[in-house]
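Engineer: Okay, predicted coordinates and the sequence, questions at the end:
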Amino acid sequence: MFQTVTILLDWFGLCIFTVTGALVASRKEMDIAGFVLLGAVTGVGGGTIRDLVLGRTPVFWVEEPAYVLACLGVAVFTFFFAHIPQSRYRFLLWLDAVGLSLFAVTGAERALQAGAGPVIAIAMGVATATFGGILRDLLGGESPVILRREIYITAALLGAATFVALGALGAPRELALGAGFAAAFLSRAAGLVWGLSLPRYRARPGRTPEGRG
Amino acid sequence: MFQTVTILLDWFGLCIFTVTGALVASRKEMDIAGFVLLGAVTGVGGGTIRDLVLGRTPVFWVEEPAYVLACLGVAVFTFFFAHIPQSRYRFLLWLDAVGLSLFAVTGAERALQAGAGPVIAIAMGVATATFGGILRDLLGGESPVILRREIYITAALLGAATFVALGALGAPRELALGAGFAAAFLSRAAGLVWGLSLPRYRARPGRTPEGRG
Amino acid sequence: MFQTVTILLDWFGLCIFTVTGALVASRKEMDIAGFVLLGAVTGVGGGTIRDLVLGRTPVFWVEEPAYVLACLGVAVFTFFFAHIPQSRYRFLLWLDAVGLSLFAVTGAERALQAGAGPVIAIAMGVATATFGGILRDLLGGESPVILRREIYITAALLGAATFVALGALGAPRELALGAGFAAAFLSRAAGLVWGLSLPRYRARPGRTPEGRG
C-alpha cells in the first residue's frame, strides 16, 4: 500500500511540475490546449517513465484519471494567472526545485514498493525527478535545465540517496521522507541562491570545451 | 475486436505520418536509411507511446510487422518522389493535418477498447495524434509543430472529445468516427488556411514573452 | 538463455556508449552527476526502448542493477580522464561507431530470443543501436548524430540485417555475430575515414533544401 503521506507529496509534486510546464507554454505564447499538453507532460512525464521501466502498466495516471484532470485544472489556472509573478522564469526554477525534491523521494519510494533494491530505487528517484523537466524543455524548445551550471541532477541524487539510506538504516519512514526532501531542496536552493555548483569538467587550457579538440 | 473501418483509418494515418517523417528527412538531405528511420518513427511513434502507457505490449507493430514494412515502402517511395510537390513544407503540414485527425479518433477508440474511461481515451487520442510529429521534429532537428501559432493541439483535442462524446451518447460508431475526424480536420484546416488560432497567452505590456520577466 | 558471448558484447557496448554520453557531458562542462546521468541514459537508452517495445519489463537494468553500477563507474572514470584524447569529438565518433555495431547485432539477437521474426529483429537492432545516441544528443543539446552526412543509420541496418540473414541461413551463431558486427563497423568506418555516404536526397535546382519550396 502506498501510504497517505507519499500520495500527498506525489500529488503536490505533480501539480507543481504542471505549473512549470504551463509556464514554459506561457513563455512560448501557446494557446490553452498547449498549456494543458505541456503542463500534463511535465506533471506526469517522470512518473510515466518510472512506471514503464519498472513494468507497472497501465501507468499510474491511466489507472487513476484524476491525475490527468488535476493537470488539466492546474494548466488552465496557470493560463489565466501566469502573468502575476514578477519574474516567471525565476518562479519556474523555484517551483521546479520543489517538484524535483518531492519526486526524488516519492520516485525512490515507489520503486522500493515495486520490489526494487537500493541502486534501482535511487536511479528511479533521479529519473522521476528529472525526466518531467527534460520532456518539458525538449517539447517547449527551451535550453535543457539539466545543462544549467548550478547543482541540479546532484540535488535529485542526494535526495533519493538520503531517503533510501535512512530507510535502510531503519529510520522512521516520515523522517526518511523529510530528510530526503530537505537534502534535495536545500542543495538545489543553494544552487539557485548562491549559484553553487560542484566542480565542473574543464577542458585543457587552449582548448575550447565544445571544439573538436 | 478492432473493426475494419478503424483498422483502415489507422493504416491510412500511419502511411500519411510516414510521408511527413520522410519529408523532414528530405529537408535535411538524409540518405535512404534516414528516410526509413524518420518515416517509421513518425508513423508508429504516437501509437507506440499509446500502447506502452496502456500496457498493451508487445506494441502493435511488433505484433504485426506489416506496419513496419509499410513504413519502409512508403519512406522509400517518398525518397524518389519527394521533389514533386511544389512546396514540400506546405504539403507536409497538410498531410500532418490528415494524420493528426485520423489518429485523434483511432487513438481514442483503441484506448476505449483497452477498457479506458472517457478522460483517458481523450488523452490517448491527443497523445497518439501529436507524439509522432513531436518525435519527428525532435529527431529531425525541426522547430516543433506543436509550437506553431495556428490551431494544432486543440484540433486533436476537439476530434478526440467529439468522438468520445458522441459514442457515450449512443451515436452509431461510424458517425462518431466521421464527426470526430471532421471536427479535428476542419479546425486544423481553418488554422492552416486562415491562420486561425485560439486566444494565446500574452505577456504583460513591456515584458518580453521569453524574457526573465 | 542469453549466451556468454552476446552478454560480453552487450556489456562492452554499454560501457562504450556510456563513455560517449560522458564525453558529451564534458563538452558541456557538466558536473560529475551530469556525467553519470548522460552516460547512463546513453548506455542503457537503446536497450531500454527495445525492452519496452517488446514488452520485456522490468527492463534489463532493473533486473540486473550491475548495469547501472557499470554506467556509474565508467562515467566517473571519464570525468577524470576525458582530457586525455587529443580530439574528444573524433574519439567520441569512433567509440559511437563501436557501440553502434555491437548493439545492432545484440539488439537483433535479443529480439529473436524474445520470439520476434526477422523484420522486427532487424528493426530492434537498428533501434537499440541508434536510440542511445539519439537520447544523448537530445539531452546534451548536441546536433543529432543521425543527421550527419556519412553512413550511420545504414551501418546499423547492414549489421542487423547481416546477422539475421546469416542466422536464418543456418550459419553458426558466432560467425553471424562477427559478420554482423564487421558489416556495421566497416561501413561506418568507411564513412568516418573517407566521408563515404549513400546517395542523399537532393532538392531540385533553384530550391533550398530546407526552404518552403
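Structural biologist: In hand now; what should we look at?
Engineer: Just give the nearest non-adjacent residue to the closest residue to chain C within chain A, would you?
Structural biologist: Nearest to chain C, among the residues of chain A, is A:Gly55, at 3.1 Å (CB to the nearest CB). For every residue, glycine as well, the C-beta is placed using N, CA and C. Once flanking residues are discounted, A:Gly55 sits nearest to C:Thr57: 3.1 Å by CB to CB, 6 or more residues apart in numbering or on different chains.
Engineer: Let's verify that neighbour: helix, strand, or coil?
Structural biologist: Using DSSP: H, G, I helix; E, B strand; the rest coil, the secondary structure recorded for C:Thr57 is coil.
Engineer: I'd assumed A:Val53 was in contact with it.
Structural biologist: Yes - with the criterion set as CB atoms under 8 Å, C:Thr57 and A:Val53 qualify as a contacting pair; they are 7.3 Å apart.
Engineer: Touching both of those two, which residues are there?
Structural biologist: When CB atoms under 8 Å, 6 or more residues apart in numbering or on different chains defines a contact, no residue borders C:Thr57 and A:Val53 alike.
Engineer: picking that back up, who touches the residue of chain A closest to chain C in this structure?
Structural biologist: A:Gly55 sits in contact with C:57-59, C:62, where contact means CB under 8 Å, 6+ apart.
Engineer: Which residue ranges of chain A form strands?
Structural biologist: Per DSSP state E, chain A has no strands. Nothing in it meets that criterion.
Engineer: which one of the contacts of A:Gly55 is nearest C:Ala182?
Structural biologist: In terms of CB to CB, no member of these lies closer to C:Ala182 than C:Val59, at 28.6 Å.
Engineer: which residues sit in contact with the nearest residue to that closest one once chain neighbours are set aside?
Structural biologist: Take C:Val59 and drop its neighbours on the chain: the residue closest to it by CB to CB, 6+ apart is C:Asp51, 4.1 Å away. With CB under 8 Å, 6+ apart as the criterion, the residues that contact C:Asp51 are C:57, C:59-60.
Engineer: Of all the residues in chain A, which one is nearest chain B?
Structural biologist: Closest to chain B within chain A is A:Thr57: 3.1 Å, counting by CB to the nearest CB.
Engineer: Quick check, pLDDT for the residue nearest to A:Ala97 when sequence neighbours are not counted.
Structural biologist: Once its chain neighbours are removed from consideration, A:Ala97 has its nearest residue in A:Arg188; the separation is 4.4 Å (CB to CB, 6+ apart). Note on A:Arg188: pLDDT of 94.
Engineer: So A:Arg188 sits against A:Leu157, correct?
Structural biologist: No - under the criterion of CB under 8 Å, A:Arg188 is not in contact with A:Leu157, lying 11.1 Å apart.
Engineer: Now flag whichever of the contacts of C:Asp51 is closest to chain A.
Structural biologist: Minimum distance to chain A across the contacts of C:Asp51 is 3.1 Å, recorded for C:Thr57 (CB to the nearest CB).
Engineer: looking only at pLDDT, what's the mean for stretch A:109-127?
Structural biologist: When pLDDT is averaged over stretch A:109-127, the result is 95.
Engineer: And that stretch, what's buried?
Structural biologist: For stretch A:109-127, the neighbour count (16 or more other CB atoms under 10 Å in any protein chain shown) marks A:109-112, A:114, A:116, A:118-127 as buried.
Engineer: And stretch A:72-91, by the same measure?
Structural biologist: Buried residues in stretch A:72-91, counted by 16+ other CB under 10 Å: A:72, A:74-75, A:77-79, A:82, A:88, A:91.
Engineer: Can you check the distance spanned by it, start to finish?
Structural biologist: Looking at stretch A:72-91, the gap from its leading to its trailing residue is 20 Å under the measure CA to CA, to the nearest Å.
Engineer: Kindly report the same for stretch A:193-202.
Structural biologist: Distance across stretch A:193-202, first residue to last, is 23 Å (CA to CA).
Engineer: re the thing from before, for A:Ile49, see how far away the residue nearest to A:Ala97 is.
Structural biologist: In this view, A:Arg188 and A:Ile49 are 20 Å apart by CB to CB, to the nearest Å.
Engineer: Comparing those two, which residue is more hemmed in?
Structural biologist: For A:Arg188 against A:Ile49, the residue with the higher neighbour count under other CB atoms under 10 Å in any protein chain shown is A:Arg188, and the figures read 28 against 22.
Engineer: what residues are up against that one?
Structural biologist: With contacts defined as CB under 8 Å, 6+ apart, the neighbours of A:Arg188 are A:97, A:100-101, A:150-152, A:155.
Engineer: Figure out how far the helix ranked longest in chain A is from the centre of its chain.
Structural biologist: Criterion DSSP state H: the longest helix present in chain A is helix A:88-113. Counting by CA atoms, centre = their mean, to the nearest Å, helix A:88-113 is centred 4 Å from the centre of its parent chain.
Engineer: what do you get for stretch A:46-57?
Structural biologist: Averaged C-alpha coordinates place stretch A:46-57 at 15 Å from its chain's average position (CA atoms, centre = their mean).
Engineer: By pLDDT, give me the weakest of the contacts of A:Arg188.
Structural biologist: A:Glu150 (84).
Engineer: what's the spacing between it and C:Ala75?
Structural biologist: A:Glu150 sits 20 Å away from C:Ala75, taking CB to CB as the criterion.
Engineer: ok, now A:Leu14?
Structural biologist: The span separating A:Leu14 from C:Ala75 equals 30 Å under the rule CB to CB.
Engineer: A:Cys15 now?
Structural biologist: Applying CB to CB, one obtains 33 Å for the distance of A:Cys15 from C:Ala75.
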